[in-house]
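Asks: quick check, what structure comes out for this input:
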Amino acid sequence: MQKKISYAAIGDVGIDIYPKIGKQFPGGMALNSVFHAVQAGAHASAISAIGTDKQAHTIIQFCDEKRISRDMISVIDGVTDSVEIILDENGVPHYHNWNLGVLEKFRLNKMHENFLGNQDITTAVYLPELKHLFDAFSKMNLPNTLKVGDFTDLSEHGGDQYILNEYKDNFNIFALSIDEKVDARVESFSSFVTSQNKMGIALLGKRGSVVISEGKQFVQRANTVKVVDTTGAGDSYLSTFLVESLREKNMAHSIKKATHAATTVIQRYGASEA
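Replies: Model (predicted):
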């Protein structure tokens, strides 16, 4: 029997609030990531913190129902992370009133490093609000763990990829969301990861995706469907691809499975419902 892949995601776990439709869902990039890793057949753990409020109970219940490990989710006295999401006419989320809550106090420590050293795959997301977690993870020496840096769209840097050079020795795989100046930025990203002998995953929204590995580009078009909400589409693609590619060693298969996962997500509200 094949051993289950162990997967961990570092970052935000909280509640996504949709005020215009009067709904809310468990969310956050780390929770979205591990949810879809479980869907892909991995044993997955979120490394984050929740509070002691009603929203924390919602997260606990969700994790237990979806078979997500809570062993590395710290409980800190206070409120759980939350953010309001307003969707535009294309189903693209715009975030408002992000309250980090107890995540402001949360830090990685030696216990987390020891845990991560026993994981097959670990991801962290580069966001200004969570950069202390990303940087702490990036500096960890985890020789037996596939380290993945998710740089999202680098909007705080105007899409300029120069920041990747600061982390060139810290990750095995670099992920990037690109929705402007696509051709030029994909080419620049491809040049970077190829020069560093790394794998790159470029998420291009409605244009699909490109995976760069060993100097080759694997291009996948997006499926054409009615888009409701793109929240978490990148998280679902990335975690599904990582689990599938490590298990199956088949690039085309892994990309198609990841694309299918993202396609499913964008046709409904909320990033981590099934």
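Asks: residues contacting stretch 160-168, please?
Replies: The list of residues contacting stretch 160-168 from outside it, by CB atoms under 8 Å, 6 or more residues apart in numbering, reads 126, 138, 149, 151, 154, 157, 174, 176, 185, 188-189, 192, 196, 198. Placement of C-beta: from N, CA and C, glycine included.
Asks: how does it look with 7 Å?
Replies: Applying CB atoms under 7 Å, 6 or more residues apart in numbering, the external contacts of stretch 160-168 come out as 138, 149, 151, 154, 157, 174, 188, 189, 192, 196.
Asks: which of these are buried?
Replies: The neighbour-count test (16 or more other CB atoms under 10 Å) marks 138, 149, 151, 154, 174, 188, 189, 192, 196 as buried among the contacts of stretch 160-168.
Asks: where's the dip in pLDDT among those residues?
Replies: When these are sorted by pLDDT, the bottom entry is residue 154 at 86.
Asks: adding distance to residue 67 and secondary structure as columns, could you present the contacts of stretch 160-168 in a markdown table?
Replies: A markdown table is the format used below for those (distance: CB to CB, whole Å; DSSP: H, G, I helix; E, B strand; the rest coil):
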| residue | distance to residue 67 | secondary structure |
| --- | --- | --- |
| 138 | 29 | helix |
| 149 | 26 | strand |
| 151 | 29 | coil |
| 154 | 33 | coil |
| 157 | 37 | helix |
| 174 | 29 | strand |
| 188 | 39 | helix |
| 189 | 34 | helix |
| 192 | 36 | helix |
| 196 | 35 | coil |
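Asks: which of the residues you listed sit farthest apart?
Replies: 138 and 188 (20.8 Å; CB to CB).
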